[in-house]
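# What shape does this take:
(chains A and B)
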Amino acid sequence: GNSVTQMEGPVTLSEEAFLTINCTYTATGYPSLFWYVQYPGEGLQLLLKATKADDKGSNKGFEATYRKETTSFHLEKGSVQVSDSAVYFCALRPNDYKLSFGAGTTVTVRA
Amino acid sequence: GAGVSQSPRYKVAKRGQDVALRCDPISGHVSLFWYQQALGQGPEFLTYFQNEAQLDKSGLPSDRFFAERPEGSVSTLKIQRTQQEDSAVYLCASSLGQGQRGGYTFGSGTRLTVV
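Reported below is the predicted structural model:
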């Protein structure tokens, strides 16, 4: 079946530090891959996506590259801000409409 | 409205009580999804509507869960005889496209606590 495994949190960083959240997946076929972010009290928001191997998704300084050979989609940001504090979810969608999510990683950025 | 609206934001139910959770999708969005998010976990798929048709209800955990979208817009998720294990955040999402096409917009969710 389809599944997503992401780095356990919580992760605490100082402002301007480098952030990496690891995500690996198991899926049949060639799924689309996503990172969603959930700020406190808000709904899930799409952060970035990649639909095929070697695609790089990017948004708000975050990047993730679809690596088929390692079945990974790690999220990175070079210099985090306090406003990046949130829960981050890696997700995949195979050739249908269902999203399969990882368990989420809580990131706290301290000033 | 501009986004997906869910109500109530919070619901406390006594065990055995029936509850109804409402989702107002973005106007014109064809697809509507319900997900269940347990504490500390990622969302899990419950059910999918395309307009008024419920095309997939494979994620509903038991026959106590029932969802409807009678006019192809507003949807209601009903849980009968609530149990403590039903405590979770229930998320609704909608999409302009059918099925896999289009991006999903999520609502802020309804946090259900069964006591």
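# Show me the strands in the chain, by range?
All of this is about chain A. Assignment of strands within chain A using DSSP state E yields the ranges A:3-6, A:11-14, A:19-21, A:23-26, A:32-38, A:44-50, A:56-59, A:62-65, A:75-77, A:86-93, A:100-101, A:105-110.
# looking at chain B here, not the other one
B:5-7, B:10-13, B:19-24, B:31-37, B:44-50, B:53-56, B:65-68, B:75-79, B:88-95, B:104-106, B:110-114.
# re earlier: and the strands of chain A as TSV, adding distance to chain B, mean pLDDT and mean neighbour count?
For every residue, glycine as well, the C-beta is placed using N, CA and C. Shown next, in TSV, are the strands of chain A (distance: least, C-beta to the nearest C-beta, whole Å; pLDDT from 0 to 100; neighbours: other C-beta atoms under 10 Å in any protein chain shown):
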stretch	distance to chain B	mean pLDDT	mean neighbour count
strand A:3-6	7	94	18
strand A:11-14	15	96	14
strand A:19-21	13	97	18
strand A:23-26	11	96	19
strand A:32-38	8	94	24
strand A:44-50	4	93	20
strand A:56-59	12	96	15
strand A:62-65	16	98	20
strand A:75-77	14	98	20
strand A:86-93	5	95	23
strand A:100-101	3	93	22
strand A:105-110	9	97	17
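# Quick check: the residue of chain B nearest chain A.
Of all residues in chain B, the one sitting closest to chain A is B:Gly42 (3.1 Å; C-beta to the nearest C-beta).
# Lowest average confidence across helices and strands of chain B, where is it?
strand B:104-106 (a mean of 90; mean pLDDT, DSSP states H and E).
# Distance from it to the middle of the chain?
Centroid displacement of strand B:104-106 relative to its chain, using C-alpha atoms, centre = their mean, to the nearest Å, is 12 Å.
# shouldn't A:Cys23 be in contact with A:Val4?
Yes: distance between A:Cys23 and A:Val4: 6.5 Å, which falls inside the contact criterion (C-beta atoms under 8 Å).
# before we move on, back to that, kindly tell me how buried the residue of chain B closest to chain A is, as a neighbour count.
22 (other C-beta atoms under 10 Å in any protein chain shown).
# Relative to A:Asn2, how far out is the closest residue in space to A:Ser3 that isn't next to it in sequence?
Closest residue to A:Ser3 apart from its sequence neighbours, by C-beta to C-beta, 6 or more residues apart in numbering or on different chains: A:Thr26 at 4.8 Å. To A:Asn2, A:Thr26 is 7 Å away according to C-beta to C-beta, to the nearest Å.
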